[in-house]
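Colleague: Give me the fold of what follows.
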Amino acid sequence: MGRGRAKAKQTKVARELKYSSPDMDLSALERELHGQQYKGADAKSDDDLDDDQDETWIKR
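Modeller: Predicted coordinates:
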């Protein structure tokens with residue numbers, strides 16, 4: 001017992017997700033479909049990692 005309120009909340013959230021139309025970033029979708037990645041200022045690549053960190057994991 002006591003599950004009615006939680007189930008009602010889940011139903012409400014599911015209904016909102018189903019029938020709402022969120023804003024779409026079509027340029028991001030286009031980049032993703034064409035294989036281009038966005039490189040922002042905070043994006044890190046594998047080259048940014050120190051080689052010392054890799055060696056630490058290999059030695060273990």
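Colleague: and residue 2, helix, strand or coil?
Modeller: What DSSP: H, G, I helix; E, B strand; the rest coil gives for residue 2 is coil.
Colleague: Tell me how far it lies from residue 21.
Modeller: According to CB to CB, to the nearest Å, residue 2 stands 34 Å off from residue 21. In short, each C-beta sits where N, CA and C put it, glycine included.
Colleague: Near residue 31, how many other residues are there?
Modeller: 13 (other CB atoms under 10 Å).
Colleague: what's the helix or strand that contains it packed up against?
Modeller: Assigned by DSSP states H and E, residue 31 belongs to helix 26-33. Packing contacts for helix 26-33, counted by 3 or more CB pairs under 8 Å, 6 or more residues apart in numbering; DSSP states H and E, involve no helix or strand.
Colleague: for the chain, what spans make up the helices?
Modeller: 4-19, 26-33, 51-59 (DSSP state H).
Colleague: Pipe these into JSON lines and attach mean pLDDT per row.
Modeller: Supplementary listing: these in JSON lines, determined by pLDDT from 0 to 100:
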{"stretch": "helix 4-19", "mean pLDDT": "93"}
{"stretch": "helix 26-33", "mean pLDDT": "90"}
{"stretch": "helix 51-59", "mean pLDDT": "62"}
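Colleague: Could you check how far residue 35 is from residue 27?
Modeller: 14 Å.
Colleague: more crowded one of the two?
Modeller: Taking other CB under 10 Å, residue 35 and residue 27 do not tie; residue 27 has more neighbours (9 against 6).
Colleague: Residue 26: neighbouring residues, count only.
Modeller: 8.
Colleague: That's all I had, so thanks and see you.
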